[in-house]
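Engineer: Predicted coordinates and the sequence they were generated for:
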Amino acid sequence: MAKKIIDIFPPKKAEKLPEKIPSLVFKKPEFKIPFPKITFPKFSLKIGLISLSLFVLIFLFLLSFTLSKAEIKIWPEVETRNFRAKITVDKEIKSPDFKNNIVPGKIFEAEKTVSEEFPASGKILKKAEGIIRLYNNFSTQNENWLVGTRFVSSDGKLFKSKDKIAVPGAQIKNGKIAPSFVDVPVIAAEGGADYNVGPSKFSIVAFRGTPRYTKFYGESFKPMTGGGEVPQVKKEDLENAEKILIEKAKIESEKALEAKIPTEFLFLKEIFETKILEKFSLAQIGTETEKFNFQVRANCTTISFLRQDINNFAKEYISSQIHEDKKLFDEKGLKIEYSPEKLFSFESGKTTLSLNFSAKIYSEIDLDSLKKGLAGKSLAETKTFLENQPDILRTEVRFSPFWIRNVPKDIKKIEIQYPLID
């Protein structure tokens with residue numbers, strides 16, 4: 001009887017179960033993404049320095065190529081030339097006519113009044129004056145006496161009547177004669193302070209030795225005044241004051257005219273035209289005064305012209321007198337002197353000037369051609385090249401950056417300052 005094959009093991013004896021069954025805990029699986037580990041090759045310090053140096057050299061090369069430039073200063077040979085010309089300034093024209101040597105002119109004028117007080121240098125002895133009351137105790141008849149009737153004071157000072165004297169007749173009162181009187185203006189016979197006499201008795205010189213001498217008499221109640229030395233205006237005083245103020249009025253009117261002319265205009269004091277419009281003084285010859293006032297009024301006129309017109313004329317004139325390959329250095333090198341050829345006349349409104357001017361002349365250079373000739377040359381070659389050029393006095397050459405040894409081939413990087421004149 002074949003053996004029975006059993007493929008199931010019979011159960012063992014049941015084990016005793018635990019009193020508590022532990023709870024199950026599930027954990028999330030942890031996932032980690034692996035990264036490759038990067039490692040750098042190891043270089044030595046020497047290799048690093050060499051690499052840095054190469055980098056700097058390459059950078060400087062590129063920088064030099066970009067920023068390189070040549071700066072060249074050139075002083076040309078300069079010739080100073082002198083020129084002479086005549087030019088007319090005319091107030092009637094509006095714009096310059098250089099072909100006919102005419103420039104526009106403008107009239108300017110100014111007026112000035114000056115006055116001053118002057119001392120009188122003359123001296124006179126003035127006569128004293130006063131009033132004498134003349135009494136008539138002689139006759140009842142009216143009388144008329146002449147101008148200049150003489151009266152003498154008790155101390156012997158002689159005075160004369162200034163006007164005719166109408167002497168009234170005396171009156172009879174109670175059988176007695178009552179004297180009449182009249183006040184007579186008198187003046188001393190001579191000048192001087194001695195005649196400033198006080199109240200005094202007076203007799204009539206013409207009646208001396210006659211019965212009328214004691215019957216006609218005079219008396220002053222106030223002192224005579226005004227006698228003595230007083231200042232007086234002389235002819236020379238007026239002439240001197242006029243001369244001084246005419247000169248002063250001319251100077252003041254010229255100053256006023258100069259201040260009135262704008263700075264862009266030129267003028268010559270030699271062609272100022274001054275006129276005296278008025279000379280005046282209240283004082284006359286013989287006026288008795290210590291000081292007197294004199295006044296003068298003057299007018300000053302001139303024709304002026306624009307500075308730029310003269311400069312343009314000079315430059316055009318010079319250009320017509322020099323070779324076409326020569327040039328005039330700018331206005332700083334242009335010197336112009338003016339002098340009047342013909343004095344200014346207000347009626348004509350024009351004047352003629354003589355011009356003497358000097359200018360610095362130099363040869364013109366084709367700078368583009370010069371730059372092409374210099375492109376790529378070394379410093380030594382550049383200096384030699386420039387020294388061999390005609391009409392060049394001296395040069396200065398500078399390359400930048402400082403390590404550049406040649407002129408850039410790009411002519412846009414070549415800067416030339418020309419002309420330079422000391």
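Structural biologist: Yes, it's here. Residues are numbered from 1 along each chain as shown.
Engineer: low-confidence ranges in the stretch 201-350 of the chain?
Structural biologist: Scanning the stretch 201-350 of the chain for pLDDT under 70 picks out the ranges 331-332.
Engineer: the helices in it, which residues?
Structural biologist: Remark: helices assigned in the stretch 201-350 of the chain by DSSP state H, counting those that start in this stretch are 212-215, 235-260, 307-321.
Engineer: Dump the ones you listed to JSON lines, plus distance to Phe221 and mean neighbour count.
Structural biologist: Glycine gets a C-beta too; all of them are placed from N, C-alpha and C. Shown next, in JSON lines, are the helices of the stretch 201-350 of the chain (distance: least, CB to CB, whole Å; neighbours: other CB atoms under 10 Å):
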{"stretch": "helix 212-215", "distance to Phe221": "21", "mean neighbour count": "15"}
{"stretch": "helix 235-260", "distance to Phe221": "39", "mean neighbour count": "17"}
{"stretch": "helix 307-321", "distance to Phe221": "81", "mean neighbour count": "17"}
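Engineer: Ile365: what's its closest spatial neighbour, skipping adjacent residues?
Structural biologist: The shortest distance from Ile365 to any non-neighbouring residue, by CB to CB, 6 or more residues apart in numbering, is to Tyr418 (6.1 Å).
Engineer: Kindly report the same for Ile411.
Structural biologist: Using CB to CB, 6+ apart, the closest residue to Ile411 is Lys371 (4.1 Å).
Engineer: wait, isn't Pro76 in contact with Pro390?
Structural biologist: No - contact criterion CB atoms under 8 Å: Pro76 and Pro390 do not qualify, at 9.9 Å.
Engineer: hey, what's Ile107 bridged with?
Structural biologist: Per DSSP bridges, the residues bridged to Ile107 are Ile303.
Engineer: Compute the number of surrounding residues for it.
Structural biologist: Using other CB atoms under 10 Å, Ile107 has 12 other residues around it.
Engineer: just to revisit the earlier point, any common contacting residues for Pro76 and Pro390?
Structural biologist: Taking CB atoms under 8 Å, 6 or more residues apart in numbering as the contact rule, Pro76 and Pro390 both touch Ser363.
Engineer: More neighbours: which of the two?
Structural biologist: Applying other CB under 10 Å to Pro76 and Pro390 shows that Pro76 carries more neighbours, namely 23 against 8.
Engineer: give the contact list for the more buried one.
Structural biologist: When contacts are counted by CB under 8 Å, 6+ apart, Pro76 is found next to 362-363, 365, 391-393, 418-421.
Engineer: between those, which is closest to Gln232?
Structural biologist: Closest approach to Gln232 among the contacts of Pro76 (CB to CB): Ile421, at 71.0 Å.
Engineer: related to what we said a few turns ago, doesn't the residue nearest to Ile411 lie inside a strand?
Structural biologist: No - secondary structure of Lys371 (DSSP: H, G, I helix; E, B strand; the rest coil): helix, not part of a strand.
Engineer: Would you agree Phe221 is in contact with Arg133?
Structural biologist: Yes - using CB under 8 Å, Phe221 is in contact with Arg133, at 7.1 Å.
Engineer: Can you get me the centre-to-centre distance for stretch 252-272 and its chain?
Structural biologist: Offset of stretch 252-272 from its chain centre (CA atoms, centre = their mean, to the nearest Å): 11 Å.
Engineer: how far does that stretch stretch from start to finish?
Structural biologist: In stretch 252-272, first residue to last residue: 13 Å (CA to CA, to the nearest Å).
Engineer: same question, stretch 384-397
Structural biologist: Terminal residues of stretch 384-397 lie 11 Å apart, using CA to CA.
Engineer: rewinding a little: for the residue nearest to Ile365, grab phi and psi.
Structural biologist: Dihedral pair for Tyr418: phi -150, psi 140, per degrees, to the nearest 10.
Engineer: ok, how many other residues are close to it?
Structural biologist: The tally of other residues near Tyr418 (other CB under 10 Å) stands at 16.
Engineer: Repeat that for Lys372.
Structural biologist: Using other CB under 10 Å, Lys372 is surrounded by 13 other residues.
Engineer: Check what pLDDT the closest residue in space to it that isn't next to it in sequence gets.
Structural biologist: The shortest distance from Lys372 to any non-neighbouring residue, by CB to CB, 6+ apart, is to Ile411 (6.1 Å). For Ile411, the pLDDT comes out at 91.
Engineer: Could you check how far Lys176 is from Ala170?
Structural biologist: 10 Å (CB to CB, to the nearest Å).
Engineer: Please consider this matter closed, and thank you.
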